[in-house]
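Asks: Any chance you can model this:
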Amino acid sequence: MRLQVSCEDRLGLTRELLARLEEHSIDLRGIELDVAGVIYLHFPELDFSRLQQLMPEIRRIQGVLDVKTVAWMPSEREHHEVAALLKALPDLVFAIDAKGRINHVNEAVLNILRLGLKDVLGLQVGSFLRGFAFLAWLDAGACQPETCKLSFAGEEYLADILPISIPEGASQECLAGALVVLKSARRVGHHFSLLHADDDSRFELFTAQSEAMRSLLHQACRLAMQDLPLLIAGETGTGKEMLARACHKGSLRAGGPFMTLNCAALPDEVAEHELFGSAPGAFGAAWPGKRGLLEQANGGSFLLDEVAEMSPLLQSKLLRVLEDGRFHRVGQEQEVRVDVRILCTTRQSLAERVRQGRFREDLYFRLSALQLELPPLRRRQADIGPMTRQLVSRICDELQRSHPRLGRSLLEFVAQYPWPGNVRQLKNALYQALTLLDADELRPEDLRLPLLEQEEPISDQWFDGSLPEAAKRFEQLMLSRLYPLYPSSRQLAKRLGISHTAVANKLREYGIGRGGGED
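Replies: Now for the predicted structure:
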């Protein structure tokens, strides 16, 4: 039995309390004092009549405020809480004393060793954990926390070794031992992946400093709330699927599934099977059947990626689904009905495909009830700098390397480069550059990019005005195209075969880059 006695801070009160227990011949097993004016008593169970007699006598002691029974002594409660915590931890935990002997391990350790706690208590921790000199570390005195790789039961773990000190005197502490926490490589990798995983399902994650992107996201937020089919067009690498996922998360179907089918990647028979599923026995007696992606997306959204590549057969089958939400699994006569919102992405003009007779007109009008078009990166120059900083930070965290400086020359270069592969190309270029980078600054020459030659269509503007005026227009265009690839007056001058002073003056005249500053 355990009693909690709340009392005033009075000299001799504890002695009187113990005297009452002695008068009743009660064997005291334990006593604990709380700084808050509480005394805890632990003694054998009493029958009800003896307890009825004892409690009033304790209350009559001068300074006692209250007496009640409790389930645990403070030390017992603390012990059970620590035990429950260690049992719940999936990581392996060893507690050792100042001599390196094990005084506790958690259940995860015992499960691997297939031993009981009493079998490991008092043993040297070094007999189980290889790769760290525990005794030398403990004997050094002023131990500091360590992180290292250890081997336990034939597997490697990442270990945190944490010294434990207890007070000794008024202002000193002495080393009492250490706590060793082991994390498996799988768990460390899983945590790292979760920490740095790209959550591409929210509009806020899009970089939108440019007017073109702000306008696009404003439209997307409004169209996401509708339930009609949505067609997202844009060049390769602009983030069409990312926008589709954000539209799903911003819709009333956000709690439902989001499924995707790449229309260009699969032959007809495979795509039909993936899209509509198959009945048991459709491919032999042992075939168990399979739910198609459309059925799995029921209640949510279904994305047809690169829908312009869809075959005529699938186009006709999809049209039926859009009409009434019904379809047949492969090898099954019974109809299946689903409630899904259809999202589509395309890098080709569906209207042009219709004119070419390669896409059904009726399907096109159904899929394009709502439309969005992602602008290419070259039309979002205001976004390129912030996006570069964001990507560099994310990639460096993933590579576990320090963040390099991003100089003005780099930011001007990425803003001027045309990026035919758009955001994907920018991300890939930065990833390779940061993987290979040894310096503490990222420079334009670290980005391995193709030298692009873009043809400028001839239009009437080239023939307006005088010959010197037309020449100036061409000169400005040529410099604006070449400067991102040779972002200094010396580099560009060498490319053009003129002096760097002349190039610097022309860059300044046309407002290109930094006006011809040198790297």
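
Asks: rest of the way, CA atoms for contacts and neighbours
Replies: OK.

Asks: how near is Glu295 to Val336?
Replies: In this view, Glu295 and Val336 are 8 Å apart by C-alpha to C-alpha, to the nearest Å.

Asks: And for Arg222?
Replies: 31 Å.

Asks: between these two, which one's more packed in?
Replies: Set side by side, Arg222 and Val336 show more neighbours around Val336, with 15 against 12, by other C-alpha atoms under 10 Å.

Asks: in the sheet, who's paired with the more buried one?
Replies: In this entry, Val336 is beta-bridged to Phe327, by DSSP bridges.

Asks: Got phi/psi on Leu343?
Replies: Main-chain dihedrals, Leu343, degrees, to the nearest 10: phi -110, psi 140.

Asks: same deal with Glu333?
Replies: phi -80, psi -30.

Asks: same deal with Val321?
Replies: Torsion angles, degrees, to the nearest 10, at Val321: phi -60, psi -40.

Asks: Can you report how many residues lie near Ser301?
Replies: By other C-alpha under 10 Å, 28 other residues sit near Ser301.

Asks: Kindly report the same for Met242.
Replies: Here the number of neighbours of Met242 (other C-alpha under 10 Å) works out to 17.

Asks: ok so it is a strand residue?
Replies: No. Using DSSP: H, G, I helix; E, B strand; the rest coil, the assignment for Met242 is helix, not a strand.

Asks: Could you pull up the mean pLDDT of stretch 509-519?
Replies: Stretch 509-519 carries an average pLDDT of 60.

Asks: I meant to write stretch 467-475 there.
Replies: 80.

Asks: Report the buried residues of it.
Replies: Using 16 or more other C-alpha atoms under 10 Å as the test for burial, stretch 467-475 gives no buried residues.

Asks: Over to stretch 162-173 now: how far is its first residue from its last?
Replies: In stretch 162-173, first residue to last residue: 15 Å (C-alpha to C-alpha).

Asks: tell me the mean pLDDT for it?
Replies: 79.

Asks: same check, this time on stretch 420-430
Replies: 94.

Asks: List the contacts of that stretch.
Replies: 235-239, 376-378, 388, 391-392, 419, 447-449 (C-alpha atoms under 8 Å, 6 or more residues apart in numbering).

Asks: and the two most separated of the residues you listed?
Replies: The distance between the two most remote of the contacts of stretch 420-430 (C-alpha to C-alpha) is 23.0 Å, for Glu235 and Val392.

Asks: more crowded one of those two?
Replies: Val392 (22 against 18).

Asks: my guess is the more buried one contacts His403, does it?
Replies: Yes. Counting by C-alpha atoms under 8 Å, His403 is a contact partner of Val392 at 7.4 Å.

Asks: Spell out which residues make up each domain of this structure.
Replies: Per the record, the chain has its domains at 2-76, 89-191, 203-373, 377-446, 460-510, by automatic domain parsing.

Asks: Please name the residues that touch Leu21.
Replies: Here Leu21 is in contact with Asp27, Leu28 (C-alpha under 8 Å, 6+ apart).

Asks: If you could redo that for Leu275, that was the one I meant.
Replies: With C-alpha under 8 Å, 6+ apart, Leu275 has these contacts: Leu261, Gly292, Leu293, Leu294.

Asks: Restricted to helices, list those.
Replies: Leu293, Leu294 (DSSP state H).

Asks: right, and out of the contacts of Leu275, which lies closest to Ile26?
Replies: Checking the contacts of Leu275 against Ile26 by C-alpha to C-alpha gives Leu293 as the nearest, at 73.6 Å.

Asks: ok, and the closest non-adjacent residue to that closest one?
Replies: Leu275 (5.0 Å; C-alpha to C-alpha, 6 or more residues apart in numbering).

Asks: do the same with Leu479
Replies: Leu507 (7.4 Å).

Asks: That neighbour belongs to a helix, doesn't it?
Replies: Yes. Assessed by three-state DSSP, Leu507 belongs to a helix.

Asks: on that earlier part again, now distance to Ala83 too, for the domains of the chain, in JSON lines please.
Replies: Output for the domains of the chain, formatted as JSON lines (distance: least, C-alpha to C-alpha, whole Å):
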{"stretch": "domain 2-76", "distance to Ala83": "10"}
{"stretch": "domain 89-191", "distance to Ala83": "8"}
{"stretch": "domain 203-373", "distance to Ala83": "38"}
{"stretch": "domain 377-446", "distance to Ala83": "35"}
{"stretch": "domain 460-510", "distance to Ala83": "63"}
